[in-house]
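Visitor: Need the 3D shape of this:
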Amino acid sequence: MTAGADGGKPRRGSSGSSFHFSFGILPPPARRAIEAVYGYCRAVDDVVDARPIDTLRAARLLREYREDLARCWTGEPNRPVLRDLQWAVREFGLPRGPLEEILDGVAMDLDRSRYATFDDLRQYCLRVASAVGIVCLSIFRCRHPQSRDYATALGIALQLTNILRDLKSDAGRGRIYVPLDEIAAFGYSEVELLRGARTPAFLDLMRHQAGRARRYFDEAARLLPGEDRPRLLAAEVMAAIYRRLLRRIEATGYRVFDRRLAVPRLTQIGLALQARVTGQVAR
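Guide: Numbering: from 1, shown residues only. Purely as a prediction, here's the structure:
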């Protein structure tokens with residue numbers, strides 16, 4: 001459930017169009033590297049999203065991906081998706097640690113389908129979303145140390161928005177990414193969430209989740225270093241698209257069980273064009 005193009009494939013992590021319009025503004029080498037990273041995220045995400053899931057087989061495949069990932073630095077990967085990633089590793093010096101963390105996060109979907117608290121969920125978000133952003137900093141050629149904090153906060157914001165959007169599809173897999181203590185605190189229940197019950201308690205719970213996502217978007221905006229702002233323009237397009245997705249979810253009254261909500265394509269095109277012309281994006 002990685003964040004990015006869909007998402008989150010990566011994550012069921014943003015729609016394919018948001019990926020296209022956000023990163024389509026990059027120069028061709030950087031765009032090729034981003035596509036390699038997101039191809040890797042999609043591939044490992046697919047391992048745990050297979051239905052029906054064979055957990056033993058999925059765990060074995062993830063181990064094989066981890067071994068093949070290591071070959072990006074030590075030899076020649078076996079899988080085409082990792083040979084593409086190896087080019088990006090060599091061209092942009094991608095860090096190995098965050099790429100391994102993505103595997104750690106994906107593997108969490110084999111071990112658990114619930115998160116007791118937000119602290120637990122935050123660890124998942126850091127691995128499947130923030131780690132992707134940290135990898136991309138090398139592609140963007142970011143220099144300021146604070147860009148890592150920006151990527152961390154933005155990754156959490158994107159993943160929390162994905163979680164709201166994908167409540168229905170995740171429930172169909174038996175997964176709940178809303179903290180259980182908060183579900184109970186608002187007088188809702190796991191059973192109600194799994195069957196898509198839209199009650200007053202559900203609406204209160206969703207307002208709380210949306211408010212947290214918004215705070216992480218705001219934190220990312222505050223952390224965006226001026227020195228790297230031009231280099232992070234593509235990430236800012238993605239942030240703007242996802243902010244609009246969050247607003248759309250809120251504006252529909254959290255009707256995420258009725259249909260999969262998305263940002264209109266023309267809006268995404270407009271944000272990408274604005275970035276190209278002005279070098280900045282309206283939040």
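
Visitor: Name the helix or strand for residue 211, please.
Guide: Counting by DSSP states H and E, the element that carries residue 211 is helix 200-223.

Visitor: Which residues does stretch 245-253 contact?
Guide: By Cβ atoms under 8 Å, 6 or more residues apart in numbering, the surrounding residues in contact with stretch 245-253 are 161, 164-165, 203, 206-207, 210, 213-214, 217, 256, 261-263. For the C-beta atoms, the positions are set from N, CA and C on the backbone; glycine is no exception.

Visitor: again, but for stretch 193-208
Guide: 164, 167-168, 171, 174, 176, 178, 182-183, 186-188, 192, 249-250, 253-255, 257.

Visitor: ok, residue 186 - how many residues close by?
Guide: 20 (other Cβ atoms under 10 Å).

Visitor: Need phi/psi at it.
Guide: phi -90, psi 10 (degrees, to the nearest 10).

Visitor: and it, what does it touch?
Guide: Residues in contact with residue 186, defined by Cβ under 8 Å, 6+ apart, are 201-202, 204-205, 208.

Visitor: same deal with residue 147?
Guide: Contacts of residue 147 by Cβ under 8 Å, 6+ apart are 137, 225, 228, 232.

Visitor: which element is residue 164 on?
Guide: Assigned by DSSP H and E, residue 164 falls within helix 146-165.

Visitor: Following element in sequence after that helix, please.
Guide: Heading C-terminal from helix 146-165 (DSSP H and E), you reach helix 167-172.

Visitor: helices or strands next to that following helix in the packing?
Guide: helix 190-194 (3 or more Cβ pairs under 8 Å, 6 or more residues apart in numbering; DSSP states H and E).

Visitor: what comes up buried for the helix it packs on?
Guide: 192-194 (16 or more other Cβ atoms under 10 Å).

Visitor: out of those, which one sits closest to residue 92?
Guide: Closest approach between the buried residues of helix 190-194 and residue 92, by Cβ to Cβ: residue 193, at 40.5 Å.

Visitor: if we can go back for a sec, and the furthest pair within the contacts of stretch 245-253?
Guide: Greatest spacing in the contacts of stretch 245-253, by Cβ to Cβ: 203 and 263 (21.8 Å).

Visitor: higher neighbour count, the two?
Guide: Between residue 203 and residue 263, residue 263 has the larger neighbour count (other Cβ under 10 Å), namely 22 against 14.

Visitor: which phi and psi does the more buried one have?
Guide: With angles defined as degrees, to the nearest 10, residue 263 sits at phi -90, psi 130.

Visitor: Relative to residue 212, how far out is it?
Guide: 20 Å (Cβ to Cβ, to the nearest Å).

Visitor: Look at the residue nearest to residue 106 when sequence neighbours are not counted and say how many residues are nearby.
Guide: The shortest distance from residue 106 to any non-neighbouring residue, by Cβ to Cβ, 6 or more residues apart in numbering, is to residue 44 (4.9 Å). Residue 44 has 26 neighbouring residues, counting by other Cβ under 10 Å.

Visitor: What helices and strands are in contact with the one helix or strand residue 44 maps to?
Guide: Element membership of residue 44 [criterion: DSSP H and E] is helix 28-49. Where contact means 3+ Cβ pairs under 8 Å, 6+ apart, helix 28-49 is packed against helix 16-23, helix 55-74, helix 80-92, helix 96-111, helix 131-140.

Visitor: Can you get me a residue count around residue 175?
Guide: 20.

Visitor: Next up, phi/psi of it, please.
Guide: phi -110, psi 140.

Visitor: surely it meets residue 113?
Guide: Yes - at 4.6 Å, residue 175 counts as touching residue 113 under the criterion of Cβ atoms under 8 Å.

Visitor: quick one: pLDDT of residue 278?
Guide: pLDDT recorded at residue 278 is 69.

Visitor: Next one: residue 224 from residue 156, what distance?
Guide: Residue 224 is 15 Å from residue 156, by Cβ to Cβ.

Visitor: what about the two, which has more around it?
Guide: Shown here are residue 224 and residue 156; by other Cβ under 10 Å, residue 156 has more neighbours (26 against 22).
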